[in-house]
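> using only what follows, build the 3D model:
(chains A, B, C and D)
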2 protein chains.
Amino acid sequence: MRLSEVPNGRDAPPPEASLRNATSTEAICARILERHRDRVSVRKPHLATANLARIIEAVLKLSNRQGFHEMSLRDLAKVSGLSMGGLYSYFDNKNTLLVMILTEVSETVEAVLRDAPAGLDDDPIAHLRWLIETHIRLTETMLPWFVFAFMEAKGFPAPARALATESELATERIFADVLARGVARGVFTIPDIDLTAALIKPLLQDWYVKRAKYRKRGTPIETYVAGVIAFVERAIAKT
Amino acid sequence: MRLSEVPNGRDAPPPEASLRNATSTEAICARILERHRDRVSVRKPHLATANLARIIEAVLKLSNRQGFHEMSLRDLAKVSGLSMGGLYSYFDNKNTLLVMILTEVSETVEAVLRDAPAGLDDDPIAHLRWLIETHIRLTETMLPWFVFAFMEAKGFPAPARALATESELATERIFADVLARGVARGVFTIPDIDLTAALIKPLLQDWYVKRAKYRKRGTPIETYVAGVIAFVERAIAKT
DNA sequence: TGAAAAAACGAGCGCTCACTCTGTTTTGTG
DNA sequence: CACAAAACAGAGTGAGCGCTCGTTTTTTCA
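Prediction:
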């Protein structure tokens, strides 16, 4: 899958700007709508997208405060501005909401990370830097989505959990590929590539999993990105 | 606080053996009972400890499968082998169960990590290795406890959440102290000590947060411990 | 051994939940 | 402006929740 709204290549604006276009709630909800057209009974796309956006924004807000299961549909109705009955024009049951969000996060992260600017294939160091920065900035832009996906993934229907697992592995593979290319070219020294890729992942996730901590501490995203890049690069630098 | 059952110092058995004694469900529940004696109406300590252990084992089992809030007290009664009414001799409401587990995890990790063998103060490299290995092995021994504390900490009464946050910070401070001592002695080169300590934490947590992944992959704990130690040591090695 | 104390039991209470259903309002169109 | 069709509203429904409390079972010890 590919995010048509993301301009890619060398003349693209800086990462956080291009991300913001493709990852506005509206844009994402348009994609969700497309993927779940059969479940949504509202036919007019504009209306459906707008309401779905209001619903999902409310879901993220309420869930990230108290947890998905603790969010009642009455609360959701109140915050989203629709009625109980209205809500059920947009999904067939509460779990569908969860699946909608989970799949969209998985697809988005995969699409964004696979869409590296041309030329980075030849430069593992730059490519790795780009992956780290893009991943962290993506999770920052879609913060509530990622927090939701991380915290609620477990305890849910097998298919949804399988999807989350697969997504985790896919991301890891992208990193492992770059690490392997770097080793092949002699710019990295890595005893265990798969384990190293596995260890990089939580460094990226910590930014959104413990967002409150970094906010309280006043750590800007640039500092965090630079810190992770420096940490990882020293750990795998050619010896 | 100090775990009286943990033999410390140089002639102790290897870390996983001494940990196992102090972190058996029975031993932990004895400590929980002591801390919450006023809430437990059963007076005979042996009986109370045994039943509390059965209850908490069941809580961890059910919660880690479906989430704490999704666990009904009827399920808990069934799995623990007590009746609905019987349960309420051991806690006054459902949240108390959560608090019991959360506080015990916090106290234990703090106590264990602060209890480094004598002599490590003078050797930041060895001390850091010991911290990493001990932390990972502790979370392995008390796996369901840590998974529970990590996944359920949010969404809960302010005091409980504050406790979890404080525990996270305390652990980080322990690591930051060792890093700082290493820098002072010229064995580490670290531009931002606090950020580095913050980055080490998720490397340790990944072992239990994504335990299923590593199990499926067949990664033994020794490999993981060695991998993290190598990764961290290269990242902070004197340049 | 028998009665008092301790512990365990489990149906039942009040309440909230996800979800439904029917009547009403809004919207698009000839 | 008329009139379907689309969209929304919100009270209602049964299931299931946390928690209680009168009762029964087990333990204790003179």
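> pLDDT of stretch A:154-166, averaged?
The pLDDT scores in stretch A:154-166 average 82.
> can you list contacts of that stretch?
When contacts are defined by Cβ atoms under 8 Å, 6 or more residues apart in numbering or on different chains, stretch A:154-166 is touched by residues A:95, A:98-99, A:102-103, A:106, A:149, A:153, B:65-67, B:70, B:151, B:212-213. Backbone N, C-alpha and C define where each C-beta goes, glycine included.
> repeat that with 10 Å
Contacts of stretch A:154-166 with the rest of the structure, by Cβ atoms under 10 Å, 6 or more residues apart in numbering or on different chains, involve A:67-69, A:95, A:98-99, A:101-103, A:105-107, A:110, A:149-150, A:152-153, B:63-71, B:147, B:151, B:210, B:212-213, B:216.
> which stretches in chain A count as helices?
For chain A, the helices defined by DSSP state H cover A:15-22, A:25-35, A:45-66, A:73-80, A:84-87, A:94-114, A:124-141, A:143-152, A:158-184, A:193-209, A:211-217, A:221-236.
> tell me the confidence at A:Pro7?
37.
> for A:Ala176, same thing?
pLDDT at A:Ala176 comes out at 98.
> for the one 5 residues further on, same thing?
pLDDT for A:Arg181: 97.
> name the nearest residue to it, sequence neighbours excluded.
In space, and not counting its chain neighbours, A:Arg181 is closest to A:Pro124: 4.7 Å by Cβ to Cβ, 6 or more residues apart in numbering or on different chains.
> from chain B, how far off is that neighbour?
Distance, A:Pro124 to chain B, using Cβ to the nearest Cβ, to the nearest Å: 17 Å.
> with A:Val183 instead?
The value you get for A:Val183 to chain B, if Cβ to the nearest Cβ is used, is 14 Å.
> likewise A:Phe68?
9 Å.
> what's the neighbour count on the spatially closest residue to that residue that is not a sequence neighbour?
Leaving aside its sequence neighbours, A:Phe68 sits nearest to A:Glu152 (Cβ to Cβ, 6+ apart; 4.7 Å). Look at A:Glu152: counted by other Cβ atoms under 10 Å in any protein chain shown, it has 21 neighbours.
> for A:Glu152, which residues are in contact?
Applying Cβ under 10 Å, 6+ apart, one finds that A:Glu152 lies in contact with A:Ser63, A:Asn64, A:Gly67, A:Phe68, A:His69, A:Leu98, A:Ile101, A:Leu102, A:Ala160, A:Ala164, B:Gly67, B:Met151.
> of those, the lowest pLDDT goes to which?
Among the contacts of A:Glu152, A:Ala160 has the weakest pLDDT, 80.
> so where's chain A shaky on pLDDT?
A:1-21, A:155 (pLDDT under 70).
> can you name the residue of it nearest DNA strand D?
Per Cβ to the nearest atom of the strand, A:Gly85 is where chain A lies closest to DNA strand D, at 1.7 Å.
> for that residue, give me its contacts.
Applying Cβ under 10 Å, 6+ apart, we find A:Gly85 in contact with A:Ala77.
> next one: it from A:Ala77, what distance?
9 Å (Cβ to Cβ, to the nearest Å).
> ditto for A:Ile132
Separation of A:Ile132 from A:Ala77 (Cβ to Cβ) stands at 40 Å.
> looking at those two, which has the bigger crowd around it?
A:Ile132 (21 against 17).
> which residues of chain A lie near DNA strand D?
A:41-44, A:47-48, A:51, A:81-86, A:88-89 (Cβ under 7 Å from any atom of the strand).
> cutoff 6 Å now
A:Ser41, A:Val42, A:Arg43, A:Lys44, A:Leu47, A:Asn51, A:Leu82, A:Ser83, A:Met84, A:Gly85, A:Gly86, A:Ser89 (Cβ under 6 Å from any atom of the strand).
> only whichever of the residues you listed are buried, select them in ChimeraX.
The ChimeraX command for the buried members of the residues of chain A next to DNA strand D (criterion: 16 or more other Cβ atoms under 10 Å in any protein chain shown) is given here:
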select /A:51,82,89
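> go through the residues of chain A next to DNA strand D and name the one nearest chain B.
A:Met84 (21.6 Å; Cβ to the nearest Cβ).
> the closest one: what's it in contact with?
A:Leu73, A:Arg74, A:Leu76, A:Ala77, A:Lys78.
> please pick the buried ones from those residues.
Neighbour-count burial within the contacts of A:Met84 applies to A:Leu76, A:Ala77; the criterion is 16+ other Cβ under 10 Å.
> of the contacts of A:Met84, closest to B:Phe231?
Nearest to B:Phe231 among the contacts of A:Met84, counting by Cβ to Cβ, is A:Leu76 at 42.8 Å.
> I'd assumed A:Ala58 was in contact with that closest one.
Yes: in terms of Cβ atoms under 10 Å, A:Leu76 counts as a neighbour of A:Ala58; the distance is 5.6 Å.
> common neighbours of those two, please.
Shared contacts of A:Leu76 and A:Ala58, counting by Cβ under 10 Å, 6+ apart, come down to A:Leu82, A:Leu87.
> quick check: buried residues in stretch A:159-174?
Neighbour-count burial for stretch A:159-174 [16+ other Cβ under 10 Å]: A:Ala160, A:Leu163, A:Ala164, A:Thr165, A:Ser167, A:Glu168, A:Leu169, A:Thr171, A:Glu172, A:Ile174.
> revised request: answer the last question for stretch A:54-66.
For stretch A:54-66, by 16+ other Cβ under 10 Å, it's A:Arg54, A:Ile55, A:Ile56, A:Glu57, A:Ala58, A:Val59, A:Leu60, A:Lys61, A:Leu62, A:Ser63, A:Asn64.
> I'd like those residues as JSON lines, with distance to DNA strand C appended.
Below are the buried residues of stretch A:54-66 laid out as JSON lines (distance: Cβ to the nearest atom of the strand, whole Å):
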{"residue": "A:Arg54", "distance to DNA strand C": "15"}
{"residue": "A:Ile55", "distance to DNA strand C": "13"}
{"residue": "A:Ile56", "distance to DNA strand C": "15"}
{"residue": "A:Glu57", "distance to DNA strand C": "17"}
{"residue": "A:Ala58", "distance to DNA strand C": "13"}
{"residue": "A:Val59", "distance to DNA strand C": "11"}
{"residue": "A:Leu60", "distance to DNA strand C": "15"}
{"residue": "A:Lys61", "distance to DNA strand C": "15"}
{"residue": "A:Leu62", "distance to DNA strand C": "10"}
{"residue": "A:Ser63", "distance to DNA strand C": "11"}
{"residue": "A:Asn64", "distance to DNA strand C": "15"}
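> restrict these to those near chain B?
With Cβ under 10 Å from any Cβ of the partner chain as the criterion, the buried residues of stretch A:54-66 include A:Ser63, A:Asn64 near chain B.
> before we move on, back to that, closest one of the buried residues of stretch A:159-174 to B:Val183?
B:Val183 lies nearest to A:Glu172 out of the buried residues of stretch A:159-174, by Cβ to Cβ, at 31.7 Å.
> make sure the closest one is actually in contact with B:Tyr214.
No: counting by Cβ under 10 Å, A:Glu172 sits too far from B:Tyr214 to count as a contact (11.9 Å).
> can you list residues touching both of these two?
Listed as contacting both A:Glu172 and B:Tyr214 by Cβ under 10 Å, 6+ apart are A:Ala198.
> keeping just the C-alphas, turn stretch A:121-132 into CSV.
C-alpha atoms of stretch A:121-132 as CSV (Å, rounded to 0.1, in the frame of the first residue of the first chain):
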residue,chain,number,x,y,z
ASP,A,121,19.5,2.3,-0.7
ASP,A,122,23.2,3.0,-1.4
ASP,A,123,23.9,4.6,2.0
PRO,A,124,23.0,2.4,4.9
ILE,A,125,24.1,5.0,7.5
ALA,A,126,21.9,7.7,6.0
HIS,A,127,19.1,5.2,5.5
LEU,A,128,19.2,4.1,9.1
ARG,A,129,19.1,7.7,10.2
TRP,A,130,16.1,8.3,8.0
LEU,A,131,14.3,5.3,9.3
ILE,A,132,14.9,6.3,13.0
